[in-house]
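Engineer: give the three-dimensional model of this entry:
(one chain, ligands or ions: 1)
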Amino acid sequence: MLPSHTCRICGTADNHPNFVGREMMFGTREEFEYFQCKCCGCLQIKDIPQDLGRFYPPGYYSLTVTNNNRTSPLRALLLKHRFKNAIFDRGYKLNQFLANFIKMPDLRVDTVLPVEKVLREAGVADFSARFLDIGCGSGSRWLADLRTMGFRHLTGADPFIKSDVHRDGITIYKRHIDEMTGSFDLITLHHSLEHIPDQESAIVSARRLLTPNGVILVRIPIVSSYAWRHYATNWVEMDPPRHLYLHSRESMQLIAEKSGLKLYSTICDSLEFEFYGSEQYLRDIPLTANNSYWLNKENKIFTHDEIEGFKKMARKVNEQGDGGRACFFFRAT
Ligand SMILES: [Zn+2]
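Structural biologist: Down below sits the predicted model:
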């Protein structure tokens, strides 16, 4: 029998197992075929739709969180001192004093990980660090939070925004990653890599933009997880057809090695969303349905105990390294 599909990550041609997923964010329920590579484990859409833009309607980007952390110059200065202690272990005494006057904001977005921990893991050394956020839309919450913390070299890139954005000290270019220039200490892809058709080219482009000791952080859904094993095509993170790739730990490692990167740390950062979203799909409730819990926490499709149970599950899978979302930290080899 002829092999049915060739894996776009490791090149293995075989009769890989097939899966059919449905569009459930907007609830069109259109079906899309995927296969999971027998060799590297990457789940991938069989045919990349020619009209991908159709699946990102105007409402899509407004669903992603943006913010304007406008803050007074004095508050900004005090916060910078507090974060200096939290990230770089410097200014301890001043921090103790300032703690009486100014509270640290909780800046984690869509993750259980505090930003300070992410920056420590990425080895960010001081406030001169240069950041690039890939696929961030026209407003990057990540970059806005870094600005609040005191960082100033903040750049984003997204080919699908209307035009370049210069706002609040942050510049976001309407560009593909392979069109970007410059060099950066921390390049982030927060849930954007899985939307990009050519995975290797995206990572190679990111590597080209790294400073010698720079780090690439990829935050992404992964199939090496309880959620995929348990929910399969009802797993909320499969998100057909926008998520073209649902990597395994092995396939992430492979793509990095092929691109001249070394994986040095992986941290799972699942939230209860992974569970209640998948439970919604099991009950045929799209994410943006009127009765969706995701859209409105007042919608009581789950009991308080069920939601607490989902939070507990998220903590458990994170601890066990079995979460459906992970942060992969890479350095150049
Ligand atoms: Zn493969």
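Engineer: now the helices for the stretch 151-300 of the chain?
Structural biologist: With DSSP state H, counting those that start in this stretch as the criterion, the stretch 151-300 of the chain has helices at 199-208, 226-231, 249-258, 273-282.
Engineer: right, so these: which one is the most enclosed?
Structural biologist: Most buried of those, by mean neighbour count (mean count of other C-beta atoms under 10 Å): helix 273-282, with a mean of 22. Where you see a C-beta, it was placed from the backbone N, CA and C, and this is true even at glycine.
Engineer: shouldn't residue 140 be in contact with residue 156?
Structural biologist: Yes - counting by C-beta atoms under 8 Å, residue 140 does reach residue 156; the two are 4.8 Å apart.
Engineer: tell me, what's touching those two both at once?
Structural biologist: When contacts are counted by C-beta atoms under 8 Å, 6 or more residues apart in numbering, residue 140 and residue 156 are jointly contacted by 133, 170, 172.
Engineer: between residue 140 and residue 156, who's got more neighbours?
Structural biologist: Using other C-beta atoms under 10 Å as the criterion, residue 140 and residue 156 rank with residue 140 on top: 30 against 26.
Engineer: separation between the more buried one and the ion?
Structural biologist: Using C-beta to the ion, to the nearest Å, residue 140 is found at 31 Å from the ion.
Engineer: which residue packs closest to the residue in the stretch 201-333 of the chain positioned nearest to the ion, ignoring adjacent ones?
Structural biologist: In the stretch 201-333 of the chain, the residue that lies nearest the ion is residue 251 (6.1 Å; C-beta to the ion). Excluding its sequence neighbours, the residue lying closest to residue 251 (C-beta to C-beta, 6 or more residues apart in numbering) is residue 42, at 3.7 Å.
Engineer: mind listing the strands for the stretch 1-150 of the chain?
Structural biologist: Along the stretch 1-150 of the chain, the segments classed as strands by DSSP state E, counting those that start in this stretch run 5-6, 13-14, 18-22, 31-36, 43-45, 130-134.
Engineer: any chance of those in CSV with mean pLDDT, mean neighbour count and distance to the ion as columns?
Structural biologist: What follows is those, written out as CSV (pLDDT from 0 to 100; neighbours: other C-beta atoms under 10 Å; distance: least, C-beta to the ion, whole Å):
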stretch, mean pLDDT, mean neighbour count, distance to the ion
strand 5-6, 94, 17, 9
strand 13-14, 96, 14, 9
strand 18-22, 97, 16, 15
strand 31-36, 98, 18, 9
strand 43-45, 98, 24, 8
strand 130-134, 96, 25, 23
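Engineer: dump these into TSV; add distance to residue 119 as well.
Structural biologist: Shown next, in TSV, are those (distance: least, C-beta to C-beta, whole Å):
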stretch	distance to residue 119
strand 5-6	39
strand 13-14	41
strand 18-22	35
strand 31-36	34
strand 43-45	31
strand 130-134	10
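Engineer: buried ones in the longest strand seen in the chain?
Structural biologist: Ordering each strand of the chain by length in residues (DSSP state E) puts strand 210-221 first. Of all the residues in strand 210-221, those buried under the rule 16 or more other C-beta atoms under 10 Å are 210, 214-221.
Engineer: residues contacting the residue nearest to residue 251?
Structural biologist: Residues in contact with residue 42 (C-beta under 8 Å, 6+ apart) are 7-10, 36, 223, 245-248, 251.
Engineer: switch to 7 Å and redo it
Structural biologist: For residue 42, the contact set (C-beta atoms under 7 Å, 6 or more residues apart in numbering) comprises 7, 9, 245, 247-248, 251.
Engineer: got it, and residue 292?
Structural biologist: By C-beta under 7 Å, 6+ apart, the contact set of residue 292 is 280, 285-286, 299.
Engineer: from those residues, list the buried ones, please.
Structural biologist: Using 16+ other C-beta under 10 Å as the burial test, those include 280, 285-286 as buried.
Engineer: turn those residues into a markdown table, including distance to residue 240 and pLDDT.
Structural biologist: Compiled in a markdown table, the buried ones among the contacts of residue 292 are given as follows (distance: C-beta to C-beta, whole Å; pLDDT from 0 to 100):
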| residue | distance to residue 240 | pLDDT |
| --- | --- | --- |
| 280 | 15 | 97 |
| 285 | 16 | 97 |
| 286 | 12 | 96 |
